[in-house]
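**Student:** Below are the sequence and a predicted model; questions follow.
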Amino acid sequence: GTKDKSADAQNPNARTIEVLQSMCDYYTRVNDHWRTMAYRKAITTLRRQTVKITTEDEAYRLPNIGRRLASKIEEIACTNKLQRLEYASGEPLDQALETFLKIYDVGTGRANKWIAQGFRTLEDLLQKADLTTNQRIGIERYDDLNTRIPRDEITALFTYVKREAAQLDPNVELLVGGSYRRGSESSGDIDIIVTKKGTNSSAELVPFLEELVATLTNKGFLVAVLAALHAHRPGKDGPGSKWHGCCVLPAEDHSFGGKAAPQIWRRIDFLLVPESEYGAALIYFTGNDIFNRSMRLLASKKGMRLNQRGLYKEVMRGKNRIKVTEGELLEGGDEKRIFELLGVKWREPSERWC
Ligand code: DCP
Ligand code: MG
Ligand code: MN
(Lines give C-alpha, C1' and ligand atoms only; values in the text may rest on other atoms or scores of the structure.)
(Ligands and ions follow the chains in the order given, each with its own letter.)
Protein backbone atom coordinates (compact mmCIF):
# COMPACT_ATOMS: atom_id res chain seq x y z
CA GLY A 1 0.00 0.00 0.00
CA THR A 2 0.92 3.70 0.19
CA LYS A 3 2.68 3.29 3.52
CA ASP A 4 5.08 0.75 2.00
CA LYS A 5 5.82 3.03 -0.93
CA SER A 6 6.98 5.97 1.16
CA ALA A 7 9.17 3.62 3.20
CA ASP A 8 10.67 2.26 -0.04
CA ALA A 9 12.28 5.60 -0.85
CA GLN A 10 14.72 5.14 2.05
CA ASN A 11 15.37 1.50 1.24
CA PRO A 12 18.78 0.84 -0.39
CA ASN A 13 16.90 -1.34 -2.89
CA ALA A 14 14.38 1.38 -3.75
CA ARG A 15 14.98 1.34 -7.50
CA THR A 16 14.93 -2.47 -7.69
CA ILE A 17 11.67 -2.57 -5.75
CA GLU A 18 10.15 0.06 -8.04
CA VAL A 19 11.00 -1.89 -11.19
CA LEU A 20 9.86 -5.21 -9.72
CA GLN A 21 6.60 -3.52 -8.69
CA SER A 22 5.96 -2.44 -12.29
CA MET A 23 6.48 -6.02 -13.43
CA CYS A 24 4.17 -7.23 -10.66
CA ASP A 25 1.48 -4.73 -11.72
CA TYR A 26 1.82 -5.93 -15.28
CA TYR A 27 1.41 -9.60 -14.33
CA THR A 28 -1.63 -8.66 -12.23
CA ARG A 29 -3.20 -7.02 -15.30
CA VAL A 30 -2.67 -10.10 -17.46
CA ASN A 31 -3.96 -12.41 -14.70
CA ASP A 32 -0.71 -14.25 -14.25
CA HIS A 33 -1.38 -15.14 -10.61
CA TRP A 34 1.69 -17.32 -10.21
CA ARG A 35 4.15 -14.61 -11.30
CA THR A 36 2.21 -11.92 -9.43
CA MET A 37 2.69 -13.91 -6.23
CA ALA A 38 6.37 -14.59 -6.92
CA TYR A 39 7.03 -10.87 -7.48
CA ARG A 40 5.07 -9.85 -4.39
CA LYS A 41 7.05 -12.21 -2.21
CA ALA A 42 10.35 -11.01 -3.64
CA ILE A 43 9.38 -7.37 -3.07
CA THR A 44 8.45 -8.15 0.54
CA THR A 45 11.84 -9.79 1.05
CA LEU A 46 13.71 -6.86 -0.51
CA ARG A 47 11.84 -4.36 1.66
CA ARG A 48 13.29 -6.08 4.72
CA GLN A 49 16.90 -5.72 3.54
CA THR A 50 19.13 -3.05 5.04
CA VAL A 51 21.86 -3.26 2.37
CA LYS A 52 21.68 -3.04 -1.39
CA ILE A 53 21.39 -6.42 -3.12
CA THR A 54 23.51 -6.28 -6.28
CA THR A 55 24.27 -9.82 -7.39
CA GLU A 56 22.17 -12.79 -8.40
CA ASP A 57 23.77 -14.96 -5.73
CA GLU A 58 23.06 -12.48 -2.93
CA ALA A 59 19.45 -12.27 -4.02
CA TYR A 60 19.12 -16.02 -4.40
CA ARG A 61 20.27 -16.60 -0.82
CA LEU A 62 17.32 -14.54 0.50
CA PRO A 63 13.99 -16.17 1.34
CA ASN A 64 11.33 -16.47 -1.40
CA ILE A 65 13.57 -15.46 -4.30
CA GLY A 66 14.19 -18.00 -7.05
CA ARG A 67 17.00 -18.11 -9.61
CA ARG A 68 15.15 -16.27 -12.36
CA LEU A 69 14.01 -13.45 -10.11
CA ALA A 70 17.47 -13.27 -8.55
CA SER A 71 19.00 -12.75 -11.98
CA LYS A 72 16.46 -9.99 -12.73
CA ILE A 73 17.35 -8.27 -9.45
CA GLU A 74 21.00 -8.31 -10.51
CA GLU A 75 20.09 -6.87 -13.91
CA ILE A 76 18.15 -4.02 -12.33
CA ALA A 77 20.91 -3.31 -9.80
CA CYS A 78 23.48 -3.20 -12.62
CA THR A 79 21.58 -1.29 -15.28
CA ASN A 80 18.85 0.48 -13.28
CA LYS A 81 16.22 -1.11 -15.49
CA LEU A 82 14.86 -4.44 -16.61
CA GLN A 83 14.95 -5.19 -20.32
CA ARG A 84 11.83 -7.34 -19.96
CA LEU A 85 9.85 -4.34 -18.79
CA GLU A 86 10.54 -2.43 -21.99
CA TYR A 87 8.19 -4.65 -23.93
CA ALA A 88 6.01 -5.75 -21.04
CA SER A 89 4.78 -2.28 -20.16
CA GLY A 90 2.92 -1.30 -23.33
CA GLU A 91 0.38 -3.66 -24.84
CA PRO A 92 -0.04 -7.09 -23.27
CA LEU A 93 3.24 -8.97 -23.41
CA ASP A 94 3.14 -11.16 -26.43
CA GLN A 95 3.68 -14.67 -25.18
CA ALA A 96 4.94 -15.75 -28.60
CA LEU A 97 7.50 -12.96 -28.72
CA GLU A 98 8.74 -13.89 -25.28
CA THR A 99 9.06 -17.54 -26.30
CA PHE A 100 10.82 -16.79 -29.57
CA LEU A 101 13.32 -14.39 -28.02
CA LYS A 102 14.64 -17.20 -25.86
CA ILE A 103 15.65 -19.25 -28.90
CA TYR A 104 19.44 -19.21 -29.24
CA ASP A 105 20.60 -16.32 -31.44
CA VAL A 106 17.09 -15.01 -32.20
CA GLY A 107 16.57 -11.26 -31.83
CA THR A 108 13.48 -9.07 -31.97
CA GLY A 109 13.68 -8.64 -35.75
CA ARG A 110 13.58 -12.37 -36.47
CA ALA A 111 10.97 -13.02 -33.76
CA ASN A 112 8.63 -10.31 -35.01
CA LYS A 113 8.86 -11.58 -38.58
CA TRP A 114 7.75 -15.02 -37.45
CA ILE A 115 4.86 -13.49 -35.53
CA ALA A 116 3.86 -11.50 -38.63
CA GLN A 117 3.89 -14.78 -40.56
CA GLY A 118 1.35 -16.12 -38.06
CA PHE A 119 3.59 -18.41 -36.01
CA ARG A 120 2.86 -18.54 -32.29
CA THR A 121 4.55 -21.63 -30.84
CA LEU A 122 7.82 -23.54 -31.16
CA GLU A 123 5.78 -26.33 -32.82
CA ASP A 124 4.59 -23.85 -35.48
CA LEU A 125 8.19 -22.91 -36.20
CA LEU A 126 9.40 -26.51 -36.43
CA GLN A 127 6.60 -27.46 -38.80
CA LYS A 128 6.12 -24.35 -40.93
CA ALA A 129 8.96 -21.86 -40.69
CA ASP A 130 12.04 -21.74 -42.87
CA LEU A 131 14.73 -22.27 -40.25
CA THR A 132 18.50 -22.05 -40.26
CA THR A 133 20.42 -24.97 -38.80
CA ASN A 134 21.18 -22.97 -35.65
CA GLN A 135 17.57 -21.90 -35.17
CA ARG A 136 16.49 -25.54 -35.46
CA ILE A 137 19.02 -26.54 -32.79
CA GLY A 138 17.85 -23.65 -30.62
CA ILE A 139 14.25 -24.86 -30.86
CA GLU A 140 14.86 -28.59 -30.60
CA ARG A 141 17.07 -28.01 -27.54
CA TYR A 142 15.07 -25.04 -26.25
CA ASP A 143 14.76 -26.21 -22.64
CA ASP A 144 18.36 -27.41 -22.44
CA LEU A 145 19.79 -24.16 -23.75
CA ASN A 146 17.62 -22.05 -21.45
CA THR A 147 18.76 -23.95 -18.37
CA ARG A 148 21.67 -22.51 -16.43
CA ILE A 149 24.69 -24.74 -15.85
CA PRO A 150 25.59 -25.49 -12.23
CA ARG A 151 29.17 -24.61 -11.32
CA ASP A 152 30.05 -28.25 -10.48
CA GLU A 153 28.99 -29.38 -13.93
CA ILE A 154 31.14 -26.72 -15.59
CA THR A 155 34.08 -27.92 -13.53
CA ALA A 156 33.46 -31.51 -14.70
CA LEU A 157 33.05 -30.48 -18.36
CA PHE A 158 36.22 -28.43 -18.19
CA THR A 159 38.18 -31.29 -16.60
CA TYR A 160 37.15 -33.47 -19.53
CA VAL A 161 38.24 -30.88 -22.10
CA LYS A 162 41.55 -30.23 -20.32
CA ARG A 163 42.44 -33.93 -20.28
CA GLU A 164 41.89 -34.25 -24.05
CA ALA A 165 43.71 -30.99 -24.75
CA ALA A 166 46.77 -32.02 -22.74
CA GLN A 167 47.08 -35.18 -24.84
CA LEU A 168 47.15 -33.13 -28.05
CA ASP A 169 49.52 -30.42 -26.83
CA PRO A 170 50.74 -30.29 -23.22
CA ASN A 171 51.89 -26.68 -23.69
CA VAL A 172 48.49 -25.27 -24.47
CA GLU A 173 46.81 -23.57 -21.50
CA LEU A 174 43.06 -23.50 -20.92
CA LEU A 175 41.01 -21.40 -18.52
CA VAL A 176 37.27 -20.93 -17.96
CA GLY A 177 36.37 -17.24 -18.20
CA GLY A 178 32.94 -15.57 -18.17
CA SER A 179 30.65 -15.80 -15.18
CA TYR A 180 32.46 -18.92 -13.95
CA ARG A 181 35.69 -16.97 -13.45
CA ARG A 182 33.68 -14.33 -11.60
CA GLY A 183 32.70 -17.08 -9.17
CA SER A 184 29.06 -17.48 -10.21
CA GLU A 185 27.30 -20.56 -8.85
CA SER A 186 25.73 -21.11 -12.28
CA SER A 187 26.39 -19.89 -15.82
CA GLY A 188 24.60 -19.53 -19.12
CA ASP A 189 27.48 -21.14 -21.01
CA ILE A 190 31.10 -22.27 -20.67
CA ASP A 191 33.69 -19.83 -22.00
CA ILE A 192 37.04 -21.56 -22.51
CA ILE A 193 40.02 -19.34 -23.25
CA VAL A 194 42.83 -21.13 -25.10
CA THR A 195 46.39 -19.80 -25.14
CA LYS A 196 50.01 -20.94 -25.47
CA LYS A 197 53.34 -19.45 -24.44
CA GLY A 198 55.20 -17.73 -27.26
CA THR A 199 52.18 -17.14 -29.54
CA ASN A 200 51.63 -13.75 -31.19
CA SER A 201 48.56 -14.50 -33.27
CA SER A 202 45.47 -16.60 -32.70
CA ALA A 203 46.12 -18.19 -36.11
CA GLU A 204 48.95 -20.16 -34.49
CA LEU A 205 46.37 -21.90 -32.29
CA VAL A 206 43.89 -22.77 -35.05
CA PRO A 207 45.39 -26.19 -35.93
CA PHE A 208 45.29 -27.18 -32.26
CA LEU A 209 41.65 -26.19 -31.87
CA GLU A 210 40.70 -27.99 -35.08
CA GLU A 211 42.23 -31.17 -33.65
CA LEU A 212 40.63 -30.66 -30.26
CA VAL A 213 37.18 -30.10 -31.78
CA ALA A 214 37.57 -33.22 -33.96
CA THR A 215 38.61 -35.34 -30.96
CA LEU A 216 35.85 -34.05 -28.70
CA THR A 217 33.30 -34.60 -31.46
CA ASN A 218 34.46 -38.19 -32.01
CA LYS A 219 34.12 -38.88 -28.30
CA GLY A 220 30.54 -37.60 -28.29
CA PHE A 221 31.39 -34.64 -26.06
CA LEU A 222 30.70 -31.97 -28.70
CA VAL A 223 27.22 -32.52 -30.14
CA ALA A 224 26.54 -29.43 -32.29
CA VAL A 225 28.38 -26.62 -34.04
CA LEU A 226 26.86 -23.13 -33.90
CA ALA A 227 29.84 -21.08 -35.15
CA ALA A 228 32.60 -23.04 -36.83
CA LEU A 229 36.27 -22.16 -36.80
CA HIS A 230 36.89 -20.40 -40.09
CA ALA A 231 40.20 -19.93 -41.82
CA HIS A 232 41.97 -17.03 -40.19
CA ARG A 233 41.61 -13.72 -42.00
CA PRO A 234 44.89 -11.88 -41.52
CA GLY A 235 44.60 -8.63 -39.61
CA LYS A 236 41.01 -9.37 -38.63
CA ASP A 237 39.44 -10.49 -35.38
CA GLY A 238 36.31 -12.45 -35.40
CA PRO A 239 35.87 -15.71 -37.27
CA GLY A 240 39.02 -17.71 -37.04
CA SER A 241 39.58 -17.07 -33.36
CA LYS A 242 36.48 -18.69 -31.91
CA TRP A 243 34.30 -21.78 -32.00
CA HIS A 244 30.78 -21.96 -30.58
CA GLY A 245 28.71 -25.06 -30.06
CA CYS A 246 27.06 -27.45 -27.66
CA CYS A 247 28.49 -30.19 -25.48
CA VAL A 248 27.40 -32.89 -23.11
CA LEU A 249 29.41 -34.94 -20.63
CA PRO A 250 29.56 -38.53 -22.00
CA ALA A 251 27.30 -40.78 -19.90
CA GLU A 252 30.17 -43.08 -18.90
CA ASP A 253 32.16 -40.17 -17.46
CA HIS A 254 32.03 -40.24 -13.70
CA SER A 255 33.99 -37.13 -12.86
CA PHE A 256 30.66 -35.46 -12.05
CA GLY A 257 30.61 -36.21 -8.32
CA GLY A 258 30.88 -39.95 -9.04
CA LYS A 259 27.42 -39.97 -10.64
CA ALA A 260 26.39 -40.18 -14.27
CA ALA A 261 26.18 -36.61 -15.56
CA PRO A 262 22.84 -35.09 -16.57
CA GLN A 263 22.45 -35.37 -20.36
CA ILE A 264 21.57 -31.74 -20.95
CA TRP A 265 23.07 -29.97 -23.96
CA ARG A 266 25.25 -27.10 -22.79
CA ARG A 267 26.52 -24.06 -24.67
CA ILE A 268 30.31 -24.03 -24.97
CA ASP A 269 32.61 -21.37 -26.48
CA PHE A 270 36.31 -21.73 -27.30
CA LEU A 271 38.26 -18.50 -27.69
CA LEU A 272 41.76 -18.50 -29.17
CA VAL A 273 44.06 -15.92 -27.63
CA PRO A 274 47.80 -15.45 -28.32
CA GLU A 275 50.02 -14.92 -25.27
CA SER A 276 50.66 -11.34 -26.42
CA GLU A 277 46.93 -10.49 -26.01
CA TYR A 278 46.14 -12.73 -23.06
CA GLY A 279 45.71 -9.98 -20.44
CA ALA A 280 43.32 -7.90 -22.51
CA ALA A 281 41.39 -11.02 -23.54
CA LEU A 282 41.13 -12.14 -19.90
CA ILE A 283 39.59 -8.80 -18.96
CA TYR A 284 37.18 -8.92 -21.91
CA PHE A 285 36.10 -12.55 -21.52
CA THR A 286 35.79 -12.34 -17.74
CA GLY A 287 33.37 -9.43 -17.90
CA ASN A 288 30.78 -8.82 -16.94
CA ASP A 289 29.74 -6.81 -19.98
CA ILE A 290 28.88 -3.77 -17.85
CA PHE A 291 32.25 -3.88 -16.10
CA ASN A 292 33.89 -4.08 -19.55
CA ARG A 293 31.95 -1.07 -20.75
CA SER A 294 33.06 0.97 -17.73
CA MET A 295 36.72 -0.04 -18.30
CA ARG A 296 36.55 1.00 -21.97
CA LEU A 297 34.92 4.28 -21.02
CA LEU A 298 37.61 4.91 -18.42
CA ALA A 299 40.32 4.19 -21.02
CA SER A 300 38.82 6.66 -23.46
CA LYS A 301 38.55 9.33 -20.74
CA LYS A 302 42.28 8.89 -20.17
CA GLY A 303 43.16 9.15 -23.85
CA MET A 304 43.54 5.41 -24.30
CA ARG A 305 41.57 2.65 -25.99
CA LEU A 306 40.84 -0.81 -24.57
CA ASN A 307 39.59 -3.78 -26.56
CA GLN A 308 39.90 -7.56 -26.29
CA ARG A 309 43.40 -7.46 -27.81
CA GLY A 310 45.09 -4.73 -25.82
CA LEU A 311 45.27 -1.31 -24.25
CA TYR A 312 46.34 1.34 -26.78
CA LYS A 313 47.28 4.97 -26.73
CA GLU A 314 44.26 6.55 -28.44
CA VAL A 315 44.66 7.39 -32.09
CA MET A 316 44.87 11.12 -32.69
CA ARG A 317 42.26 12.38 -35.09
CA GLY A 318 42.31 15.61 -37.03
CA LYS A 319 39.64 17.23 -39.16
CA ASN A 320 36.79 14.90 -40.22
CA ARG A 321 38.07 12.34 -37.69
CA ILE A 322 40.95 11.38 -39.99
CA LYS A 323 43.66 9.42 -38.15
CA VAL A 324 46.79 11.47 -37.45
CA THR A 325 48.59 8.67 -35.56
CA GLU A 326 47.90 4.93 -35.21
CA GLY A 327 47.13 3.85 -31.65
CA GLU A 328 50.31 2.53 -30.07
CA LEU A 329 50.00 -0.71 -28.08
CA LEU A 330 50.66 -0.04 -24.39
CA GLU A 331 49.95 -3.52 -23.00
CA GLY A 332 48.25 -6.70 -24.19
CA GLY A 333 49.61 -9.69 -22.34
CA ASP A 334 49.39 -8.74 -18.67
CA GLU A 335 45.98 -8.32 -17.04
CA LYS A 336 47.26 -6.62 -13.87
CA ARG A 337 49.45 -4.23 -15.88
CA ILE A 338 46.41 -3.04 -17.85
CA PHE A 339 44.66 -2.12 -14.60
CA GLU A 340 47.82 -0.26 -13.52
CA LEU A 341 48.15 1.69 -16.76
CA LEU A 342 44.49 2.67 -16.50
CA GLY A 343 45.18 3.85 -12.95
CA VAL A 344 42.53 1.62 -11.38
CA LYS A 345 42.91 -0.58 -8.34
CA TRP A 346 43.14 -4.27 -9.19
CA ARG A 347 39.79 -6.01 -8.95
CA GLU A 348 39.54 -9.76 -8.48
CA PRO A 349 37.26 -11.44 -11.05
CA SER A 350 34.71 -12.02 -8.28
CA GLU A 351 34.49 -8.22 -7.83
CA ARG A 352 33.75 -7.45 -11.49
CA TRP A 353 29.97 -7.53 -11.45
CA CYS A 354 29.21 -3.93 -12.37
N1 DCP B 1 31.10 -9.77 -23.35
C2 DCP B 1 31.00 -8.38 -23.46
N3 DCP B 1 30.02 -7.83 -24.22
C4 DCP B 1 29.14 -8.60 -24.87
C5 DCP B 1 29.21 -10.01 -24.77
C6 DCP B 1 30.22 -10.56 -23.99
O7 DCP B 1 31.81 -7.67 -22.87
N8 DCP B 1 28.17 -8.04 -25.61
C9 DCP B 1 32.16 -10.35 -22.51
C10 DCP B 1 31.79 -10.20 -21.06
C11 DCP B 1 31.27 -11.53 -20.69
C12 DCP B 1 32.11 -12.46 -21.56
O13 DCP B 1 32.31 -11.73 -22.77
O14 DCP B 1 31.45 -11.80 -19.32
C15 DCP B 1 31.47 -13.79 -21.83
O16 DCP B 1 30.20 -13.62 -22.46
P17 DCP B 1 28.94 -14.46 -22.00
O18 DCP B 1 27.83 -14.06 -22.89
O19 DCP B 1 29.28 -15.90 -21.97
O20 DCP B 1 28.59 -13.89 -20.55
P21 DCP B 1 28.93 -14.40 -19.08
O22 DCP B 1 29.86 -15.57 -19.11
O23 DCP B 1 29.37 -13.21 -18.31
O24 DCP B 1 27.54 -14.84 -18.50
P25 DCP B 1 26.74 -16.22 -18.71
O26 DCP B 1 26.72 -16.90 -17.39
O27 DCP B 1 25.38 -15.81 -19.16
O28 DCP B 1 27.47 -17.00 -19.77
MG1 MG C 1 29.46 -17.20 -20.31
MN1 MN D 1 29.95 -17.19 -23.87
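**Tutor:** Now that the structure is in, tell me what you want to look at. Numbering: from 1, shown residues only. Ligands and ions are numbered 1, 2, ... in the order given.

**Student:** Could you check how far the residue in the chain that ligand 1 sits nearest to is from ligand 3?
**Tutor:** The nearest approach of the chain to ligand 1 comes at Gly287, 2.0 Å away (Cβ to the nearest ligand atom). Backbone N, C-alpha and C define where each C-beta goes, glycine included. Gly287 sits at a distance of 9 Å from ligand 3 (criterion: Cβ to the ion, to the nearest Å).

**Student:** What is the neighbour count of that residue?
**Tutor:** Other residues near Gly287 number 19, with proximity taken as other Cβ atoms under 10 Å.

**Student:** Surely it is in contact with Tyr180?
**Tutor:** No. Taking Cβ atoms under 8 Å as the definition, Gly287 is not a contact partner of Tyr180, at 10.6 Å.

**Student:** Show the contacting residues for the residue of the chain closest to ligand 1.
**Tutor:** The contact partners of Gly287, by Cβ atoms under 8 Å, 6 or more residues apart in numbering, come to 177-179, 182, 352.

**Student:** would you list every one of the strands in the stretch 51-200 of the chain?
**Tutor:** Using DSSP state E, counting those that start in this stretch, the strands of the stretch 51-200 of the chain run over residues 149-150, 172-176, 186-187, 190-196.

**Student:** need the helix or strand of this protein with the lowest average pLDDT.
**Tutor:** One helix or strand of the chain scores below all others by mean pLDDT, DSSP states H and E: helix 2-8, with a mean of 59.

**Student:** quick one: low-confidence ranges for the stretch 251-354 of the chain?
**Tutor:** When the per-residue scores of the stretch 251-354 of the chain are filtered using pLDDT under 70, the ranges that remain are 252-256, 258, 260-262, 323-326, 354.

**Student:** before we move on, the earlier item: tell me the most buried of the strands of the stretch 51-200 of the chain?
**Tutor:** Highest mean neighbour count of these: strand 190-196, a mean of 22 (counted as mean count of other Cβ atoms under 10 Å).

**Student:** what helices or strands is whichever helix or strand comes after that one leaning on?
**Tutor:** On the C-terminal side of strand 190-196, the nearest following helix or strand under DSSP states H and E is helix 206-218. Here helix 206-218 touches helix 151-168, strand 190-196, strand 242-247, strand 266-272, going by 3 or more Cβ pairs under 8 Å, 6 or more residues apart in numbering; DSSP states H and E.

**Student:** With distance to ligand 1 added, can I get those in TSV?
**Tutor:** TSV is the format used below for these (distance: least, Cβ to the nearest ligand atom, whole Å):
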stretch	distance to ligand 1
helix 151-168	10
strand 190-196	5
strand 242-247	10
strand 266-272	7
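
**Student:** These: which one's closest to Asp94?
**Tutor:** Evaluated with Cβ to Cβ, these place strand 266-272 nearest to Asp94, the distance being 25.5 Å.

**Student:** Work out for me the element Gln21 sits within.
**Tutor:** Gln21 belongs to helix 14-29 when assigned by DSSP H and E.

**Student:** residue ranges of the strands in the stretch 201-350 of the chain, please?
**Tutor:** According to DSSP E, counting those that start in this stretch, the strands that the stretch 201-350 of the chain contains are 222-227, 242-247, 266-272, 304-307, 310-313, 329-331.

**Student:** Tell me the strands beside the second one, with direction?
**Tutor:** Sheet partners assigned to strand 242-247 using DSSP bridges are listed as strand 222-227 (antiparallel), strand 266-272 (antiparallel).

**Student:** Ok, which of the helices and strands packed on helix 206-218 comes nearest Ile137?
**Tutor:** Going through those one by one, with Cβ to Cβ as the measure, strand 242-247 comes closest at 7.1 Å.

**Student:** average pLDDT across that closest one?
**Tutor:** For strand 242-247, mean pLDDT is 97.

**Student:** Against Gln49, how distant is the closest residue to Asp57 other than its chain neighbours?
**Tutor:** In space, Asp57 comes closest to Glu185 once its chain neighbours are excluded; the distance is 5.7 Å by Cβ to Cβ, 6 or more residues apart in numbering. As defined by Cβ to Cβ, to the nearest Å, Glu185 lies at a distance of 20 Å from Gln49.
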